[in-house]
Structures are given as C-alpha cells and as structure tokens.
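In: sharing a sequence plus its predicted fold:
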Amino acid sequence: MTTYNYSRSVALEQLRRTFAICKKDIRIYYLKGPVIVFGILTPLFLFAAFLVGRDLAPDFFTSSLMAMTIFFAATAVVPMIMPWESRAKTLERLVSAPVSISAIMLGDVFASFLFGILSSLVPVIIGLAMGVTIGYPILLVAGILLASFCFSSLAAILSAPPTDVPSNVMMLTTFVKFPLLFISGVFIPIEKMPDWGRLIASASPLTYFTDLARYSIGGANYYPVFFDLIVLAAFALLFLTLAVKLHENSMPKRL
Amino acid sequence: MMENTVEVADLTKYYGDLMAVDSVSFEVAKGEFFGLLGPNGAGKTTIIRMLTGVIRPDRGAAHIMGYDIRKEPLKAKQRMGILPEMANAYVDLTAWQNLMFLGELYGVAKTLRHERAIMLLKKLEIYERRNQLVKEFSKGMKQRLLICMALLNDPQILFLDEPTSGLDVQSARIIREMLQELNRDGITMFLTTHNMEEAGQLCNRIAIINHGKIAAIDRPEKLKATAGELQSVEIAFDRPVETESLAKLSNVVQAKEMGNKVRLYTKDPSDLIYKVVDYAKANRLTFVTLNVLSPTLEEVFIRLIESKQDL
C-alpha cells in the first residue's frame, strides 16, 4: 500500500512537471506568428489547390480539410523541439532536472495536442460558414482529441534521430507526412479506392480520423465508428510508447 | 565519522574506443568545497555529467546524498543544484519565466519559488532585469541567472562546471563570493575549473585529473607541499649578476631569470638564503628583493600532468 501510494505520488509529481514542459513549449514554440500560419494556412492552401476545378460536396470538403489541418498542426512543431533544444543547449538543463524522459516527451506531445485541437476550429468554422451541419458533434470532438494526440505522438517519433540540425528532421518529417496524406482517404474516399489502395490506407492513422470526420459530418463512413476510435487510440498508445523508447536511446547521443 | 555527500567508486566511461574516465573513485564530505582540476579533455565534464545523471557510466557507481544516480536518478537530482558548462537558459523567456519554469520542474511550491526567485535575483544583482528576455542578457548576466536557477530548489549539493569561465571580472567576483557564502551556509560544492587561483581560493580539497584518471587528490596546501623542489627563493641585486654563477650554489635545483630578478628553485630555502647572503657579501652586492616563494597550484598542476605524461 505504501509502495503504491509512493508510486502514485511520483507519477502525479511527474505529471505536474509534464504540464510545466507543455506550458514552456507553448510559450516558446507555439505562440509564434509563423508557427500558427504554417500549422493552419498550409493545409488550407494545399486543399484549395486540390479543390480548384472540382465540384466537391461541402461535407467532403470540410471533413478532408479538418483531417489535413489537425494532421499538419499536430506534426508541425514537435519534431523540431529536440533539435532546437539540443542546439540552444537548453536540453542538458532539462535532462539534469528531476524529470523523466517520459515526462519530457509527454510535455512536448501535450503542447502539440492542444495546438492540433485549436487548429481544428478553423475548418469547423469554415464548414459551418458553408452551411455544413455536424450530425454527431460529440463523436467529432472525441475523434479530434484522439487524432490530435495520435498525430502528436507520431511527430514525437520523428524527432528521435539525435541531430541538432532541424532541417534534417524536417526532411524526414516531409518524407513521412506527405505519403500518409495521399493514402489516407483525404482526397479520394476510401470506398472509391482499389483493393490495394484500401490495404495501404488501413496502415495510416489519418485514414481512421478522416473516416470518423466524414461520418460525424455527412453520415458516410467506411469502417465502423467504434473501430475508428479504437484504432486511433491504439495508434496513439503505440506511437507514444515508441517515442519514449526511441528518445531514451537517442538522448545520450544528443548530449 | 564524516558524512559523505558524494561517493564515487570505479566510475568509468567510454566514448567508442576512447576511455574518457578511467576507474575514478573519490568521496566528497558534507559541507566540503571540492574542486576537480584538469586540462581540456581530461574528463572533468564527463565526470560531472555522470554524477548529475545526464549520461550513464559504463561501469562503477556514484551515490549522491546516498542515492544511486543510476537506480534512483530522480531522487538524487531532486537534491542537487546544477550549473552545467554546456547549458543555457531559454533565451525566448524572461529571467523570471526561466526561474518559474525551473521551480516547476523541481516541484517547488508556487509561493516558495516566488520568494526564492526574488531573493536570488536580488543577491546576484539581476532583479531589476527579471522581466527582460534572456536573449538580451550579457554572458555574465546569463551565468548569474543560471546560478539562480541552480539554487532555486534549495539544493544540498551544487555541481558547478566552469562557473566563471569567460566572465568579466565583476561577474566572476560576484559568483565566487556567492559560492563561498553558500558553502559557509552548509551547501556542499563540487566545482570543475581551469582556474588554479580560483580553485586554490575556494576549495577545501582538490582532485587533479588527467587522461580520465585522478593524478592527485588532497588539500591545496598539501598538494603544494608534495612539490618540495618547486619552492624557490626570488632575488634581485642592485646590479646584474650571471644566473649561471647562482645556479652553481649548492641546493639549487634550477635557476631562472625573471626580468631583473632570478628565481632559484630549491628543496631547502632556509639553507639557500645563507648561501645567497654569502654570495652577495663576496661579490659586494646589495639586495633589492629577497622573497621565499611556495609553489603555486599551477606549478603543482603542471608538474603532476607532465610527470604522468612522462610515464
């Protein structure tokens, strides 16, 4: 019982420190004009380019834009934090504090998670302005929360290579992000894909959020709704665990 | 029995094939001001990084306040303050925000961290600049802020890696005085430095490290005493004399010209003074200066480093 209480108090204490790291990340990395512009406007422009010359239903347009915005926003900054902090020599100060690597990673992921959620408001507002009705708002909120956490954890994995050169991580991030975007039913609905396309799409976490968003807004879906939620949660857990393990291995090489 | 704050046994670290730290063992007593001296690349920073849990040793153990740094790193880190050589404050935050962030990382209660931050900022003379972004700080001010950050959690031991390196005279003086005061208040100090004068002035005990191994470990005065042949008699006469003739006096190990003075190294300065007086009388010379000099810590350091390289 005493050991249990002690472990619980240590976990709570580490969680408080996680929030401190999250707050620091938001202050330093997220509340910057260029970051906000990159996170929100990039998917907007990308999708606008796709939209030109096509007659897309507002439901499809809104759900796709939402998927892209959350995906871009939640993966925009996290991969850069470790290289930036290695270069600025603030990482050693952080690591020498009584904070576990899990707490550091979770702090980075939380900050990105919040940024992803806030960014999702932009496509929601655009959709509502276009007359779109959200049929299942609670489901959509649950999907946004899970997706933002899942994509933030994926981004934490991308920051694991022990480099202090942000452009190296940027290349890796682009290499992973763009293929995922094209295979996840954002531009072409999953049901219209060939069999091999659907098989590939099933490996991407973005597929499940896109499917969930389509159901929440237009009532159309490919996978069962609860399957989407469970798979997103499973991806989030897997990515976070993997990110912590990879960072535990790479941290000594950074310092 | 004296209580130890730091206990290090057989600590070893490899970087690839290079053995950066080679089976180092020592203790630092509670309340002691301990210094680690060594040339660049000797392994000082690697030792301090292992002791503060930043990197893991490949072999051996280190206990801080009784906690094994490998097995219980969070408990050990909670009790220490750290001023790493290769670290910086967050330049996009103000001094105050940096301190509050550090306070949160160490779990210092809000009221207490406010009180301690104000006290430390005032003590290190940067309170007026607390709301300024750190990117606008000079190097000396940044270092003072880093010391405030290291002390915010009221540590029982303070690890300082080259704390005054590259600082202006005023900042270095403020920092040294603060460290002495903290040590008088009972905080154990673990310092690495290149500055022999600083080490001699601050430390109760010094370990000299070279090629990852401890070459000597003792009190500064005892270290100086071990280098008996480095004692010297420095003399200047009213007119120039040939250094070679002075070098021939018995007991002189080495004679060096130092401007208009001559320094004669000897194991027995007392006997040499008589010989020099006789020499002066015989040559009708008048003394302008006659000083007996103990070896400096720098001379001891160089001798130890060179003797280990010769082996």
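Out: Alright, I've got the coordinates.
In: which residues outside the host helix or strand of B:Gln170 are in contact with it?
Out: Element membership of B:Gln170, judged by DSSP states H and E, is helix B:169-184. Applying C-beta atoms under 8 Å, 6 or more residues apart in numbering or on different chains, the external contacts of helix B:169-184 come out as B:31, B:33, B:123-125, B:139-141, B:143-144, B:147, B:151, B:158, B:160, B:163-164, B:167, B:189, B:191, B:198, B:201-202. All C-beta atoms are positioned from the backbone trio N, CA, C, and that covers glycine.
In: kindly recompute the last result at 6 Å.
Out: Helix B:169-184 is contacted from outside by B:Phe33, B:Gly140, B:Pro163, B:Thr164, B:Met189, using C-beta atoms under 6 Å, 6 or more residues apart in numbering or on different chains.
In: what sits against residue 47?
Out: If you meant another chain, say so; for now it's chain A. A:Leu65, A:Met68.
In: you looked at the wrong chain, it should be chain B
Out: Residues near B:Ile47 by C-beta under 6 Å, 6+ apart: B:Val21.
In: quickly find the element holding it.
Out: helix B:44-51.
In: and the helix holding B:Gln170, what's buried?
Out: In terms of neighbour count (16 or more other C-beta atoms under 10 Å in any protein chain shown), helix B:169-184 has its buried residues at B:Ser171, B:Ala172, B:Ile174, B:Ile175, B:Arg176, B:Met178, B:Leu179, B:Leu182, B:Asn183.
In: what parts of the stretch 1-150 of chain B come near chain A?
Out: Residues of the stretch 1-150 of chain B that fall close to chain A, judged by C-beta under 6 Å from any C-beta of the partner chain: B:52, B:54-55, B:74, B:77-78, B:82, B:84, B:86-88, B:90, B:92, B:101, B:104-105, B:107.
In: filter the residues you listed down to the buried ones, PyMOL style.
Out: Buried members of the residues of the stretch 1-150 of chain B next to chain A, defined by 16+ other C-beta under 10 Å, are picked up in PyMOL with:
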select buried, chain B and resi 52+54+55+74+77+78+82+84+87+88+90+92+101+104+105+107
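In: give me the subset of the residues of the stretch 1-150 of chain B next to chain A that lies in strands.
Out: B:Ile82 (DSSP state E).
In: for A:Ile104, see how far away A:Ala48 is.
Out: The gap separating A:Ala48 from A:Ile104 is 37 Å, by C-beta to C-beta, to the nearest Å.
In: these two: which has the busier surroundings?
Out: Per other C-beta atoms under 10 Å in any protein chain shown, whichever of A:Ala48 and A:Ile104 has more neighbours is A:Ile104, with 26 against 11.
In: could you list every residue that touches that one?
Out: A:Ile21 are the contacts of A:Ile104 under C-beta under 6 Å, 6+ apart.
In: and the stretch of helix or strand it belongs to, which residues are buried?
Out: Here A:Ile104, judged by DSSP H and E, is contained in helix A:101-129. Neighbour counts over helix A:101-129 (16+ other C-beta under 10 Å) mark A:101-117, A:119-120, A:122-124, A:126-127 as buried.
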